[in-house]
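> Starting from these lines, generate the structure:
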Amino acid sequence: MPAIQITGLRKSYGSFDAVQDVSFTVEPGRVVGLLGPNGAGKTTTLHVLLGLAAPTAGRALVQGRPYGELDDPARTVGALLDAGGLHPGRSGRHHLRALTLAAGLPADRVDDVLEVVGLTPAADRRVRTYSLGMRQRLGLAAALLGDPDVLVLDEPANGLDPAGMRWLRETLRTFADDGGAVLLASHVLAEVRQVADDVVVLGQGRLITAGSLDELARDASLEDVYLDLTAATEGVR
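Sure thing, here's the model as predicted:
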């Protein structure tokens with residue numbers, strides 16, 4: 001069973017199709033880069049997958065079920081969509097403790113994930129003092145709290161310095177090598193090239209291509225291939 005299965009997905013807002021007829025899968029043990037210009041439908045696809053928006057047509061499944069039908073969503077899928085949506089007056093530790101309480105997760109997971117993301121020294125500082133990169137790390141810590149099988153991440157490299165980028169790459173690669181599945185929406189093509197096994201490219205809400213990264217970028221750089229594929233779909237919708 002695919003970890004993630006998107007089939008014939010369409011999401012419309014009135015007469016506007018944000019996503020139309022998109023299909024792809026993410027298998028266990030794979031990192032899949034979700035690419036596309038601004039307005040291509042990447043975030044909409046992730047929102048439908050995570051139950052934040054209802055599909056107009058088609059299906060978006062995690063381990064064979066819609067997100068809303070998962071028995072234990074926190075232990076199945078971890079997500080990072082917006083590292084800016086954090087309470088500025090809470091400490092990083094307090095933020096994670098609140099999430100464990102809400103999800104029925106063991107409290108000792110807080111210290112575990114703080115160590116994984118390298119935030120233990122800053123755990124008791126208020127989030128308002130965190131840099132954007134630190135907030136990204138805290139967001140990934142929250143995604144990892146349930147020790148999930150699947151990670152869904154929207155621009156997780158935003159704000160990370162070079163050391164942070166390497167750390168993120170190694171963390172995601174280890175997660176996938178241990179059997180997890182990662183769906184990673186990103187504009188940082190150099191990072192996607194180094195960590196992804198497969199890519200899905202969207203343009204104007206439609207699927208342009210999906211497949212192995214090595215096959216897609218065998219004879220050219222990922223940047224050149226991406227720009228060629230999306231040239232006809234440039235522009236914000």
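
> hey, let's count contacts and neighbours off CA atoms from now on
OK.

> Just the residues contacting the helix or strand harbouring residue 173, thanks.
In this assignment (DSSP states H and E), residue 173 forms part of helix 162-177. Applying CA atoms under 8 Å, 6 or more residues apart in numbering, the external contacts of helix 162-177 come out as 28-31, 133, 157, 181-182, 191, 194-195.

> please redo it, this time with the cut-off set to 10 Å
27-31, 116-118, 133-134, 136-137, 140, 148-151, 156-161, 178, 180-182, 184, 191-192, 194-197 (CA atoms under 10 Å, 6 or more residues apart in numbering).

> what is the mean pLDDT for it?
In this model, helix 162-177 carries a mean pLDDT of 93.

> Averaged pLDDT, stretch 23-32. What do you get?
Here the average pLDDT along stretch 23-32 is 98.

> Can you give me the distance of residue 62 to residue 101?
Remark: distance between residue 62 and residue 101 (CA to CA, to the nearest Å) = 23 Å.

> Pick out whichever of the two has more residues nearby.
The neighbour count for residue 62 versus residue 101, taken as other CA atoms under 10 Å, is higher for residue 62 (25 against 11).

> Now the host helix or strand of residue 207: buried residues?
Per DSSP H and E: residue 207 is located in strand 206-212. Across strand 206-212, burial judged by 16 or more other CA atoms under 10 Å covers 206-210.

> From these, pick the one nearest residue 230.
residue 208 (7.9 Å; CA to CA).

> Show the pLDDT at the nearest residue to residue 68 once chain neighbours are set aside.
Among residues not flanking residue 68 along the chain, residue 51 sits closest, at 6.0 Å (CA to CA, 6 or more residues apart in numbering). Residue-level confidence at residue 51 comes out at 96, pLDDT.

> For residue 51, what are phi and psi?
Phi and psi for residue 51, reported as degrees, to the nearest 10, are phi 80, psi 10.

> For it, which residues are in contact?
Residues in contact with residue 51 (CA under 10 Å, 6+ apart) are 60-61, 66-69.

> which of the residues you listed count as buried?
Buried among those by 16+ other CA under 10 Å: 60-61, 66-67.

> The nearest residue to residue 103 once chain neighbours are set aside: which element?
Excluding the flanking residues, the one nearest residue 103 by CA to CA, 6+ apart is residue 74, at 6.5 Å. Element membership of residue 74, judged by DSSP H and E, is helix 73-76.

> Can you list the neighbours in contact with that helix?
Counting by CA under 10 Å, 6+ apart, 3, 50, 62-63, 67, 70, 99-100, 102-105, 142-151 sit against helix 73-76.

> who touches residue 107 in this structure?
96-101, 145.

> Any chance of CSV for the buried ones among the contacts of residue 51, columns pLDDT, distance to residue 169 and secondary structure?
As requested, the buried ones among the contacts of residue 51 are exported to CSV (pLDDT from 0 to 100; distance: CA to CA, whole Å; DSSP: H, G, I helix; E, B strand; the rest coil):
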residue, pLDDT, distance to residue 169, secondary structure
60, 98, 26, strand
61, 98, 25, strand
66, 97, 28, coil
67, 97, 26, helix
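
> just these now: which is nearest residue 12?
Closest approach between the buried ones among the contacts of residue 51 and residue 12, by CA to CA: residue 60, at 14.7 Å.

> now that closest one, which residues is it bridged with?
Going by DSSP bridges, residue 60 is paired in beta bridges with residue 6.

> distance of it from residue 95?
29 Å.

> same check, this time on residue 158
20 Å.
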